[in-house]
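Peer 1: I would like the atomic coordinates for the input below:
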Amino acid sequence: MRTSSKGLSSSLLIAALMAGLTLPASAQDTSVNFGDDTSEWANDGECDDPRFAGENMAEELEAADTLKDATDCQTLFDAGKITLAETADEADAAGAVARAEAIADAEIDFGDDSSEWANDGECDDPRFTGAKMATELLPEDALKDATDCKALFDAGDITLADGGGDASLERTSIDDIDFGDDSSQWANDLECDDPRFAGPGMNSALLPEDEKADASDCREAYEDGTIHLVGEGEDEAATPVRSAAATASLEAIARRIDFGDDSGEWANDGECDDPDFFGPGASNLTDGGTRSADASDCRAAFLTGDVSFKTVDQLNVAFDFGDDSSRWANDGECDDPRFAGTGLNKKMLFEDIMSDASDCEAQFNAGSVTIKPVYTPEYALGAPYDSSEIDFGDDTSSYANDGQCDDPRFEGPGVAGTVFESDTRADATDCKSAYETGKAMLIDAE
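Peer 2: Residues are numbered from 1 along each chain as shown. This is a model prediction of the structure:
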């Protein structure tokens with residue numbers, strides 16, 4: 001999620017935290033900084049600022065909304081319907097002070113802002129980890145997103161990953177590689193067949209004659225960070241790392257898929273041979289493979305994003321709404337982010353995928369929600385797409401021209417990980433480019 005933080009100096013940060021332990025409630029009440037109305041949920045009649053508490057607070061609070069729902073929160077505060085949340089107890093306060101001291105003592109080289117994704121509110125440096133990281137991380141962004149990463153680190157939203165201090169993530173520039181042409185018979189199949197490369201984006205069966213003969217596939221995979229030159233970056237840091245949020249989403253879905261067992265003839269060969277899956281990690285067996293008989297390969301490929309489960313139409317089976325294990329189940333609103341429409345809760349969480357069945361099925365049957373179309377890798381093969389009939393709007397979004405489409409009407413790898421309704425038709429240049437190149441598809445034409 002995009003957040004912005006104004007960092008205090010380490011000494012001021014520690015002083016502020018210590019002061020917060022002893023400040024009387026009456027003093028707090030007379031000096032409340034309510035901030036502004038830049039939250040997506042501003043002016044909806046509920047206070048979304050997590051610094052407050054009371055019966056008129058939004059049910060789901062996020063740190064990103066701190067100081068960003070001024071009108072709602074001040075109105076409710078003045079009416080006595082919400083109050084400032086109680087100061088943390090001594091143990092929590094001590095932990096906060098320790099965190100501030102750790103920030104003060106940390107000697108981290110954040111680098112510069114030369115990344116393509118710098119200053120977009122997400123940290124793209126793969127040396128870090130945390131819920132506020134970008135969804136897809138690439139080795140070449142190490143030490144190149146300083147402002148975002150420092151702000152999120154100082155706010156406690158990200159931490160250094162194990163081995164994060166190692167900046168040895170260099171690899172050959174894409175401009176220095178001769179990818180050749182597309183003369184291979186396996187060209188444009190979404191897998192790189194050039195034996196000079198290695199990584200999860202490669203085909204498993206490589207032939208010498210395909211060297212420099214699969215340019216489009218290999219260039220795209222190299223850009224995505226799913227392959228590297230053989231002998232270069234053989235450690236795990238050479239491949240992209242998914243953020244905690246993206247990993248949690250895939251794992252939540254994987255737990256509800258019956259992958260079967262490993263009884264198939266081609267089990268444990270590094271490719272998914274189950275015909276219910278498709279993507280660059282799936283095999284091309286002429287007999288279609290055997291369902292539910294290659295569990296280990298298919299689950300591993302699913303978690304890395306190399307295969308996807310076929311859609312309801314492709315499988316010709318009933319849609320699985322899941323169960324009611326969400327804490328928001330049976331509240332009359334659909335909380336499953338696989339849906340879109342007016343019957344949804346306003347804040348969606350990855351953990352609620354397939355976990356609010358009764359509400360979502362009821363809203364679906366009533367026509368208040370629809371199942372989101374799913375972007376598939378095959379869609380990119382149809383590019384370029386004609387965008388003349390689409391109203392992309394203008395570039396008034398604060399995230400315009402950052403290389404990612406922020407319009408919530410679109411979905412795909414060219415779309416930002418978190419999008420806001422306020423950016424509808426407000427990121428024209430980015431979204432038009434992503435749509436025409438097949439990196440985003442229009443899922444809501446309204």
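Peer 1: flag the shaky bits of the stretch 151-300 of the chain, pLDDT-wise.
Peer 2: Scanning the stretch 151-300 of the chain for pLDDT under 70 picks out 161-171, 200, 204-205, 225, 231-253, 256, 284-289.
Peer 1: now with 80?
Peer 2: Counting by pLDDT under 80, the ranges of the stretch 151-300 of the chain that qualify are 154-172, 189-190, 198-208, 221, 224-227, 230-258, 276, 278-281, 284-290.
Peer 1: what about the strands in it?
Peer 2: Counting by DSSP state E, counting those that start in this stretch, the stretch 151-300 of the chain has strands at residues 159-160, 197-198, 228-229, 241-242, 277-278.
Peer 1: what sits up against the first one?
Peer 2: It stands for strand 159-160. The contact list for strand 159-160 (Cβ atoms under 8 Å, 6 or more residues apart in numbering) reads 108, 127-130, 153. The C-beta positions use only the backbone N, C-alpha and C, and glycine is treated the same way.
Peer 1: nearest to Gly332, out of the strands of the stretch 151-300 of the chain?
Peer 2: Nearest to Gly332, of all the strands of the stretch 151-300 of the chain, is strand 241-242, at 33.2 Å by Cβ to Cβ.
Peer 1: returning to that earlier point: from the contacts of strand 159-160, list just the buried residues.
Peer 2: Buried members of these, scored by 16 or more other Cβ atoms under 10 Å, are 127-130, 153.
Peer 1: of all the contacts of strand 159-160, which comes closest to Leu344?
Peer 2: Set against Leu344, the nearest of the contacts of strand 159-160 by Cβ to Cβ is Gly130 (26.6 Å).
Peer 1: OK, contacts around the residue nearest to the closest one when sequence neighbours are not counted?
Peer 2: Excluding the flanking residues, the one nearest Gly130 by Cβ to Cβ, 6 or more residues apart in numbering is Ile158, at 3.3 Å. Ile158 makes contacts with 123, 128-133, 149, 152, as judged by Cβ under 8 Å, 6+ apart.
Peer 1: how about a cut-off of 7 Å?
Peer 2: Neighbouring residues of Ile158 by Cβ atoms under 7 Å, 6 or more residues apart in numbering: 123, 128-130, 132-133, 149, 152.
Peer 1: now, those residues that are in helices?
Peer 2: Of the contacts of Ile158, the ones assigned to helices by DSSP state H are 149, 152.
Peer 1: got the contacts of Ile158 as TSV, with distance to Ser283 columns?
Peer 2: As requested, the contacts of Ile158 are exported to TSV (distance: Cβ to Cβ, whole Å):
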residue	distance to Ser283
Cys123	36
Phe128	36
Thr129	33
Gly130	36
Lys132	37
Met133	32
Cys149	39
Leu152	40
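Peer 1: could you look up the SS state of Asp430?
Peer 2: Of the three states, Asp430 takes helix according to DSSP: H, G, I helix; E, B strand; the rest coil.
Peer 1: hey, what's the residue nearest to it when sequence neighbours are not counted bridged with?
Peer 2: Distance criterion Cβ to Cβ, 6+ apart; nearest residue to Asp430, sequence neighbours excluded, is Cys405 at 4.8 Å. The residues listed as beta-bridge partners of Cys405 by DSSP bridges are Val415.
Peer 1: Cys405 and Asp44, how far apart?
Peer 2: The spacing between Cys405 and Asp44, counted by Cβ to Cβ, to the nearest Å, is 25 Å.
Peer 1: neighbour count: the two, which is higher?
Peer 2: Higher neighbour count among Cys405 and Asp44: Cys405, with 31 against 14, using other Cβ atoms under 10 Å.
Peer 1: now do the same for the more buried one: its pLDDT.
Peer 2: pLDDT recorded at Cys405 is 91.
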